[in-house]
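A.B. asks: give me a model of this one.
(2 chains)
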2 protein chains.
Amino acid sequence: MPSYTAPTKDIQFILHDLLKVTESETPGYADLEADFTAAIFEEAGKLTSEVLTPLNAVGDKEGCKLENGIVYTPKGFKEAFGQVKEGGWTGLDMPEQYGGQNMPVVIGSAVGELFSSSNQAFTMYQGLTHGAASAILAHGTDAQKDTYLPNMVSCEWTGTMNLTEPHCGTDLGLMRTKAVPQDDGSYKITGQKIFISAGEHDMADNIIHLVLAKIEGGPEGIAGVSLFIVPKFMVNEDGSLGERNGVSVGSIEEKMGIHGNSTCVMNYDDATGFLLGQEHKGMRAMFTMMNEARLGVGMQGLSQAEVAYQNALEYAKDRLQGRAVTGAEHPDKPADPLIVHPDIRRSLMDQKSFAEGARAFILWGATMIDASHRNGDEAAEGLVSLLTPVIKGFLTDVGYDMTVKAQQVYGGHGYIEEWGMSQFTRDARIAMIYEGANGVQALDLVGRKLAQDGGKHVMAFFDLVKGFIKENAGQDDAFDVDFLEPLKAASKDLQSAGMYFMQNGAKNPNNALAGSNDFMHMFGHVCLGLMWAKMGLAAKAALAGGASDTAFYETKLATGRYYMARQLPATTLHLKRIESGADTVMALEAANF
Amino acid sequence: MPSYTAPTKDIQFILHDLLKVTESETPGYADLEADFTAAIFEEAGKLTSEVLTPLNAVGDKEGCKLENGIVYTPKGFKEAFGQVKEGGWTGLDMPEQYGGQNMPVVIGSAVGELFSSSNQAFTMYQGLTHGAASAILAHGTDAQKDTYLPNMVSCEWTGTMNLTEPHCGTDLGLMRTKAVPQDDGSYKITGQKIFISAGEHDMADNIIHLVLAKIEGGPEGIAGVSLFIVPKFMVNEDGSLGERNGVSVGSIEEKMGIHGNSTCVMNYDDATGFLLGQEHKGMRAMFTMMNEARLGVGMQGLSQAEVAYQNALEYAKDRLQGRAVTGAEHPDKPADPLIVHPDIRRSLMDQKSFAEGARAFILWGATMIDASHRNGDEAAEGLVSLLTPVIKGFLTDVGYDMTVKAQQVYGGHGYIEEWGMSQFTRDARIAMIYEGANGVQALDLVGRKLAQDGGKHVMAFFDLVKGFIKENAGQDDAFDVDFLEPLKAASKDLQSAGMYFMQNGAKNPNNALAGSNDFMHMFGHVCLGLMWAKMGLAAKAALAGGASDTAFYETKLATGRYYMARQLPATTLHLKRIESGADTVMALEAANF
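C.D. replies: Okay, the predicted model is just below:
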């Protein structure tokens, strides 16, 4: 049975040594003293390790069951959800007005990693609720906020997002769900939605569905889509629950993973819905929260990579198999542990350097969301919008690969469900698909974000990297060689790719889009390279400042060196592919495949 | 529900246009006329598409059940196994003397792909039997061959391979299973073996276990391991079945995939065993058939990539979503099919170019096994030994990745078990692990095979590539640029990596082994690059010769160009990683991870 330990020390390093949160001008950041944040992670660590981790395998094995219209969650989920609610974890970064604790997103994200690592399927119930509540917070009327938010912030009621229909997911303009205006200002919603995570379950008194639908007579396609609040039970004026609304679960899907979360087909049959935000502006309302939601999914990629790595590492230390090629390291034992073998090391270092780099990347992204939300910082908003598809697409693609590597460390045992490594892989797989499949992330990055606002955000990113290198070069030869030069080379590759798109995308946009996946990945590598260079610098500063835990900081430097030497050079391959253009990609007629 | 169509035309192209099997000097090859082989694949295609493919999902869903010591295979398996036996498919490349058809391995492998694509879990029952029969064929006494082979060739009896124990898989020197010599020349075998594929089931009258065990008093470690034949039911002198032997199934494992195959814990309790081959030479006996067995597992990587690709392609043609960025291609429909999108193309071309290149690689490998077995060709034996870890490791790693890509084409539906794409991924995952985990393949390649016989096999490989390029360069500028130059560059990268190992591995073997995985992958790319260059040449020749199906051959050329432009350049990244050496890989103390 796998275990999980919150990586508190690593998170603290990022918050305080790297991001120096208390020095930030973002409102609320000054309060994030190291002792305070450590206490949060310690408490969250206990709950996640002791309560949610043991339920992860239970959820996988039992799954959810639909009987007579009721979805039963796995044994123990309901009780654990109670503990999570009692601890106040569901409203961490929600406004105090609605019962939240008003902490910044950077803390919500850091804690979210712990929850997701310990039990991704379980954590999705509150994750979806958080997303739905955020949308109501951003677009609801005061009455809507008062009606729904207090119970959603506390997770007494949970929330869902209803976008996909059987024939359309990415291309929501094809949507068929209809909304018919009623005399009282409400709408009657009719249609079928699929892949609705947490669509129905037994852990909350009410479920608040946010549903995309087309108001009859509105514009064609995506321009005619509106967003509606459709509660499972109608809410009376006094806040008590009224009659059951015309929404029901049709079936629950059997999936590759996240079995503990109920993925539902939801049927809306003249269900009463209330417009959220403006008519026909449903996509805009849904996507206001996109940066945060996609950051959350990118974090799931990290979360599964992290917990899989922790277990692979323990196995590699414990399992005796073979001898070190340089001579037995434990001659007293029948064999050496796996970790002596260079190829096992390579795999573990890939995982470790990814997880720590990804964590820094996500929390940096979260600080930009906070700066944007709390300080109206438009540059931060622009930059995090640019980076969002990278965070989501790159971190979930690579996060998945890392779970596969972790599983491989276990040899045959990795394939046996009892050992739990398969579940990390199967659970991680969904994050590459939902909240915009990764191909769509790459398209968003190359087709939209690069050129947004005249390309100023991508220029800002390059300036940031260039400025960082310039500021820190020439002070330490080894650091220049190990960190700054590889970063410079990778950043140059990324710029060359952007240049290629500019020069060749105009005459044929396929030249840009055929390289979109490679661009997303090379961008991700440059971001992790930047994070590692900054973490390296922070570690050097701590060592120079006489930090007592030298092994911790030296390990950071060594892990960074690994990333720069072994992972970052991937940019050259991605550039080469991009520069080969669209010709070979688009050569075949569809019939000739 | 996924479908499967045997890629007969592609296989025929490889056998006849590329490998020109009828022109080979290998005994039996002259008979492999195109009409004859086409008839084989047509028949195998019918059986696999119509009978085995529909059972693939059944096997996944039902799995195997253990009740009172009996393992029940999924519904329909037993009847289908009957059809496979009746068709004579189980002894295709086995000697006529024992009821086989004496065809070469290249035909057995080509047909094996069809079986494995349609139902990997099912095909393993006969695959394991084939492996066990091959070992008896190579090492058994005449009496042993006469006793076991006729029923194993027909699969009336099936076979197993028993290597792994709970505490040891790769490092079999740690083995604890004991063999105690008896007065009658037999042995009493006692111990526990795990991960025994097809260990117990209801589809055969008898199961012939090949079991590795240590004879009491023999040498320590791997040098004391012997191989034994342990039948489930003793075989009487007249060939009838006698009493039940002391072997029983302890449990069956719940696995990530291949649910239709029973993976058993086998308990041997004073079971009667008969020495196969020489005392203490069990590993040698087990590994005689290694090249063939590992080629078979490499083929599984291809097989799942192929069937997943076929289904992803159909989905990409059918599913309407979004519009081509260069303008609507089907303005009459509500949206264009997925296949218009460059990033979907990229994914499909990755899959297609891999599958076709991998198939050529495997069948080329099979011709070398045939040349070695049938013609005593030592150069072919040496080369295929060198390439075996590449075939197994590279093709299963990349084959798995390709199933993930195919699954991704389906978006959310790829995650739902009903659509079948998850199963391809879950089934493909095992091939990276069994028959020597891929890290062990890389170790075998770099630590053993490179230097074998003074390095003459790897030199022969480089000479082969060099000779091919030299022979064909300068005749067609476009072919030079599209095919030969990339191949030359990649081959040079591979040579540089080999050189790096020679220069740096001596002073510290970790410098070689830290790059072993990258070397295996770059070697794989060079082999597929070589295959594509050769296939390109064969396609050009067919077109020049006035072949009527021009689209087929032009598609081969276009697919080859894609591989050369987009996949082969991966060698530069692998080289860069290799040349970064072991320092960053081995930097950390185990405690500091």
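A.B. asks: from A:Q423, how far off is A:Q407?
C.D. replies: Noted for A:Q407: a distance of 10 Å to A:Q423, by Cβ to Cβ, to the nearest Å. (Each C-beta comes from the backbone N, C-alpha and C, glycine too.)
A.B. asks: count of neighbours near whichever residue of the stretch 151-300 of chain A sits closest to chain B?
C.D. replies: Taking Cβ to the nearest Cβ as the measure, the point where the stretch 151-300 of chain A comes nearest chain B is A:M256, at 4.0 Å. Other residues near A:M256 come to 22 when the count uses other Cβ atoms under 10 Å in any protein chain shown.
A.B. asks: so what's it up against?
C.D. replies: Applying Cβ atoms under 8 Å, 6 or more residues apart in numbering or on different chains to A:M256 gives the contacts A:R426, A:R429, A:I430, B:Y415, B:I416, B:E417, B:S422, B:T425, B:R426.
A.B. asks: output the lowest mean pLDDT helix or strand found in chain A.
C.D. replies: Across the helices and strands of chain A, mean pLDDT, DSSP states H and E gives its lowest value to helix A:282-288, namely a mean of 85.
A.B. asks: and stretch A:448-459, which residues are buried?
C.D. replies: Residues of stretch A:448-459 classed as buried: A:K449, A:L450, A:A451, A:H457, A:V458 (neighbour count, 16 or more other Cβ atoms under 10 Å in any protein chain shown).
A.B. asks: export those residues to CSV and tack on secondary structure, distance to chain B and pLDDT?
C.D. replies: Listed next are those as CSV, based on DSSP: H, G, I helix; E, B strand; the rest coil; distance: Cβ to the nearest Cβ, whole Å; pLDDT from 0 to 100:
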residue, secondary structure, distance to chain B, pLDDT
A:K449, helix, 15, 96
A:L450, coil, 14, 96
A:A451, coil, 14, 94
A:H457, helix, 22, 98
A:V458, helix, 19, 98
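A.B. asks: now the two most distant members of the residues you listed.
C.D. replies: The largest separation in these, counting by Cβ to Cβ, is between A:A451 and A:H457 at 9.7 Å.
A.B. asks: grab the nearest non-local neighbour of A:N267.
C.D. replies: With Cβ to Cβ, 6 or more residues apart in numbering or on different chains as the criterion, A:N267 has its nearest non-adjacent residue at 4.8 Å, and that residue is A:G250.
A.B. asks: so who does the one you found touch?
C.D. replies: Applying Cβ under 8 Å, 6+ apart, the residues contacting A:G250 are A:Q192, A:C264, A:V265, A:M266, A:N267.
A.B. asks: what number of residues lie near the third one?
C.D. replies: Which is A:V265. When neighbours are counted by other Cβ under 10 Å, A:V265 registers 19.
A.B. asks: that one belongs to a strand?
C.D. replies: Yes. Counting by DSSP: H, G, I helix; E, B strand; the rest coil, A:V265 falls inside a strand.
A.B. asks: ok so, going back, filter the contacts of A:M256 down to just the ones in helices.
C.D. replies: Counting by DSSP state H, the contacts of A:M256 place A:R426, A:R429, B:S422, B:T425, B:R426 in helices.
A.B. asks: mind putting these into CSV with neighbour count?
C.D. replies: Shown next, in CSV, are the ones in helices among the contacts of A:M256 (neighbours: other Cβ atoms under 10 Å in any protein chain shown):
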residue, neighbour count
A:R426, 26
A:R429, 26
B:S422, 25
B:T425, 26
B:R426, 26
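A.B. asks: farthest-apart pair in those, please.
C.D. replies: Between any two of the ones in helices among the contacts of A:M256, the greatest separation by Cβ to Cβ is 9.9 Å, found for A:R429 and B:R426.
A.B. asks: and after the least confident helix or strand of chain A, which helix or strand comes next?
C.D. replies: Going down the chain from helix A:282-288, the next helix or strand is helix A:290-318, by DSSP states H and E.
A.B. asks: which strands or helices does that next one pack on?
C.D. replies: Applying 3 or more Cβ pairs under 8 Å, 6 or more residues apart in numbering or on different chains; DSSP states H and E, we find helix A:290-318 packed against helix A:105-118, helix A:120-139, helix A:342-375, helix A:378-409, helix A:421-429.
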